[in-house]
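1. Got a predicted structure here, sequence first:
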Amino acid sequence: MAELWKRLHDDPGRVASSLQSAWSPTYRGRYIHWDKLRRLPPPEGLSHDEWWLALKLHRQGMMRPTPLVGTDHKPFVYGLPDPASERLHNIDQNAGGRLETMSLITNPHTRDRYVISSVMEEAIRSSQLEGAATTRQIAKDMIRDRRRPRDESERMILNNFNTIQRIRNLRSEQLTPELVLEIHRMLTAHTLDDPSASGRFRHPEDRIRIEDEYNEVFHVPPPADELPERMIVMCDFANAKTPEGFVPPVIRSIILHFWLAYDHPFVDGNGRCARALFYWSMLRHNYWLCEYLSISTVIRQAPAQYYRAFLYTETDDNDLTYFILHQLEVMRKAVDQLNDYLKRKVTQLEEAETLLRAYEGLNHRQRALISHALRHPGARYSIDSHQSSHGVVYETARTDLLALAESGLLEARKIGRTWSFRATRELEKRLRDGPDDRRSAAGEHLRD
């Protein structure tokens, strides 16, 4: 590239022609990497090299440095081309959602149910990105029923769930290297081949190389002996102590995500830790809707794009714009998925409310369970699962289920020492017929 620049510099007319032919840092609204540009037809009269140089010159004028320094001793930089500004605007504009759907998660009586559901989703998908091998339904049942993990995959998911729950309470705290270690310890407890690697930075003898499926090395993280200082610099950035200029909070959160993954300070669990820090940062900057988003669900739908965004950043002069644009798009899709999910819930709840209208004594938790039972015939419920789903104490969950059993909406069966509940047969007919005065024998027996 330096040789090409010298050749163009000796021909000022050629430089002007190049810049005029490629007058934007993007191509048709896309911030493309050389890997893609070289496969496209260049503007008339330009070679691919000249076209690439013109794009790079336009990009240099908008770049902002960050405190993150690569292994090549050059700072990482980022720009906010039109696609980034537009996506930032959309996130800020749409994060409030539509009033009729967002009421489900702003209502103090129902919000905990949706927080817990979203945390479970993120915990499962983030763990699956890093190799957890179990189904979504089995993992959810484990968390709801408070069952002990049966293998390393389930332990990984449960750790992730507990960690994200903990992060919700850490949003007001400053990030420190010690807190980063604590988060990693929570994420990796009882899941590493070397238990001593949990909650500590990797050692020099821990030779880490990030390879693709063909065993080609595409990232070598900074030396282990640099990690203590690099973590201090990262935490200062996360706490908005650096740099001096304004960094949009969403951009800061995304760069923090990349930073932890790039430095790769741990033997294992770096991806989960990076995404956990992203959530911490977004919640710290009062993006409350992030409690209900699962970025890992979107990432898992196209994981190659996620890893390619890391690769493009590192192979194009430490240009973070690639990763920023990718994550902004991930967030847009996550917000859209949340809105779609809540619209479906509104419709389902309205349908259930119509049938449940005659049951005036039921609270919002009982109505939610019956609504779920209508859509999932054969589903089983326990006091522990009801307690976990709604974030209530054991006695409240027990009282809810007893009342439903006594009303005849649920059937109760004792398995060992545990009571199991499921919807009564012909639940919709029972709802249409309305409540009667007969108390269920199962409910009476359960209270004894």
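-> Yep, it's here.

2. Arg365 and Gln387 touch, don't they?
-> No: checked against C-beta atoms under 8 Å, the pair Arg365 and Gln387 is beyond contact range at 9.9 Å. Where you see a C-beta, it was placed from the backbone N, CA and C, and this is true even at glycine.

3. longest single helix anywhere in this protein?
-> Ordering each helix of the chain by length in residues (DSSP state H) puts helix 321-356 first.

4. Show the secondary-structure elements that whichever helix or strand comes after it is packed against.
-> Next helix or strand after helix 321-356 toward the C-terminus (DSSP states H and E): helix 364-375. Helices and strands touching helix 364-375, by 3 or more C-beta pairs under 8 Å, 6 or more residues apart in numbering; DSSP states H and E, are helix 321-356, helix 383-390, helix 394-407, strand 418-423, helix 427-433.

5. Leaving out sequence neighbours, find the closest residue to Gln165.
-> Nearest residue to Gln165, sequence neighbours excluded (C-beta to C-beta, 6 or more residues apart in numbering): Val119, at 6.1 Å.

6. How about Met331?
-> Distance criterion C-beta to C-beta, 6+ apart; nearest residue to Met331, sequence neighbours excluded, is Ile91 at 5.5 Å.

7. what's the one you found sitting at in phi/psi?
-> phi -60, psi -50 (degrees, to the nearest 10).

8. Tell me the spacing between it and Tyr306.
-> Ile91 sits 18 Å away from Tyr306, taking C-beta to C-beta, to the nearest Å as the criterion.

9. Excluding residues flanking it in the chain, which one is nearest Phe161?
-> Spatial nearest neighbour of Phe161, chain neighbours left out: Ala123 (3.9 Å); criterion: C-beta to C-beta, 6+ apart.

10. ok, now Arg275?
-> Leaving aside its sequence neighbours, Arg275 sits nearest to Ser126 (C-beta to C-beta, 6+ apart; 5.4 Å).

11. Can you name the helix or strand that the one you found falls in?
-> Following DSSP H and E, one finds Ser126 within helix 111-129.

12. Show me what that helix is packed against.
-> For helix 111-129, the packing partners by 3+ C-beta pairs under 8 Å, 6+ apart are helix 99-106, helix 136-145, helix 152-168, helix 270-284, helix 295-301, helix 383-390.

13. Dump those helices into a markdown table; add mean pLDDT and mean neighbour count as well.
-> Below are the helices and strands packed on helix 111-129 laid out as a markdown table (pLDDT from 0 to 100; neighbours: other C-beta atoms under 10 Å):
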| stretch | mean pLDDT | mean neighbour count |
| --- | --- | --- |
| helix 99-106 | 62 | 15 |
| helix 136-145 | 93 | 18 |
| helix 152-168 | 95 | 21 |
| helix 270-284 | 96 | 24 |
| helix 295-301 | 96 | 20 |
| helix 383-390 | 95 | 21 |
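
14. OK, contacts around Ile251?
-> Going by C-beta atoms under 8 Å, 6 or more residues apart in numbering, Ile251 touches 78, 80, 88, 324.

15. 7 Å instead, please
-> When contacts are counted by C-beta atoms under 7 Å, 6 or more residues apart in numbering, Ile251 touches Ile324.

16. same question, Gly434
-> Taking C-beta under 7 Å, 6+ apart as the criterion, Gly434 is in contact with Ala358.

17. How much space separates it from Leu40?
-> Separation of Gly434 from Leu40 (C-beta to C-beta) stands at 66 Å.

18. same thing with Leu68?
-> For Leu68, the distance to Leu40 - C-beta to C-beta - is 30 Å.

19. out of the two, which sits in the busier spot?
-> Per other C-beta atoms under 10 Å, whichever of Leu68 and Leu40 has more neighbours is Leu68, with 21 against 12.

20. Just say helix, strand or coil for that one.
-> With DSSP: H, G, I helix; E, B strand; the rest coil as the basis, Leu68 sits in strand.

21. Quick check: it touching Trp259?
-> Yes: between Leu68 and Trp259 there is a contact under C-beta atoms under 7 Å: 5.3 Å.

22. Tell me who's in contact with the residue positioned nearest the centre of the chain.
-> Taking C-alpha atoms, centre = their mean as the criterion, Ile295 is the residue nearest the geometric centre of the chain, at 3.0 Å. Applying C-beta under 7 Å, 6+ apart to Ile295 gives the contacts 275, 330-331, 334.

23. How about Tyr279?
-> By C-beta under 7 Å, 6+ apart, the residues touching Tyr279 are 164, 167, 290.

24. Try it again at 10 Å.
-> Taking C-beta atoms under 10 Å, 6 or more residues apart in numbering as the contact definition, Tyr279 lies against 119, 122, 126, 163-164, 167-168, 170-171, 253, 257, 287, 290-291, 293-295.

25. got it, and Glu152?
-> 131-134, 190-193.

26. repeat that for 8 Å
-> 190-191.

27. State the distance from it to Ala274.
-> Glu152 sits 20 Å away from Ala274, going by C-beta to C-beta.

28. likewise Asp263?
-> For Asp263, the distance to Ala274 (C-beta to C-beta) stands at 9 Å.

29. Then Met120?
-> Counting by C-beta to C-beta, the separation of Met120 from Ala274 is 20 Å.

30. host element of Phe76?
-> Using DSSP H and E, Phe76 falls within strand 75-78.

31. So which other helices or strands are in contact with that strand?
-> Packed against strand 75-78 by the contact rule (3+ C-beta pairs under 8 Å, 6+ apart) you find strand 64-69, helix 249-263.

32. swap the cut-off to 6 Å and go again
-> Counting contacts by 3 or more C-beta pairs under 6 Å, 6 or more residues apart in numbering; DSSP states H and E, strand 75-78 is packed against strand 64-69.

33. For the strand it packs on, which outside residues touch it?
-> Contacts to strand 64-69, defined as C-beta atoms under 6 Å, 6 or more residues apart in numbering, come from residues 75-78, 233, 237, 242, 259.

34. between that strand and helix 249-263, how big is the angle?
-> Interaxial angle of strand 64-69 relative to helix 249-263 (axes from the mean of the first three to the mean of the last three C-alpha atoms, to 10 degrees): 30 degrees.

35. tell me the average confidence for strand 64-69?
-> Here strand 64-69 scores 98 as its mean pLDDT.

36. tell me which residues in it are buried?
-> Within strand 64-69, the residues scored as buried using 16 or more other C-beta atoms under 10 Å are 66-69.

37. For Arg171, which three-state class applies?
-> Per three-state DSSP, Arg171 ends up coil.

38. and what of the one 4 residues further on?
-> When the structure is split into helix, strand and coil by three-state DSSP, Leu175 lands in coil.

39. Put together TSV for the helices and strands packed on helix 364-375, with distance to Phe310 on each row.
-> As requested, those are exported to TSV (distance: least, C-beta to C-beta, whole Å):
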stretch	distance to Phe310
helix 321-356	6
helix 383-390	35
helix 394-407	43
strand 418-423	46
helix 427-433	49
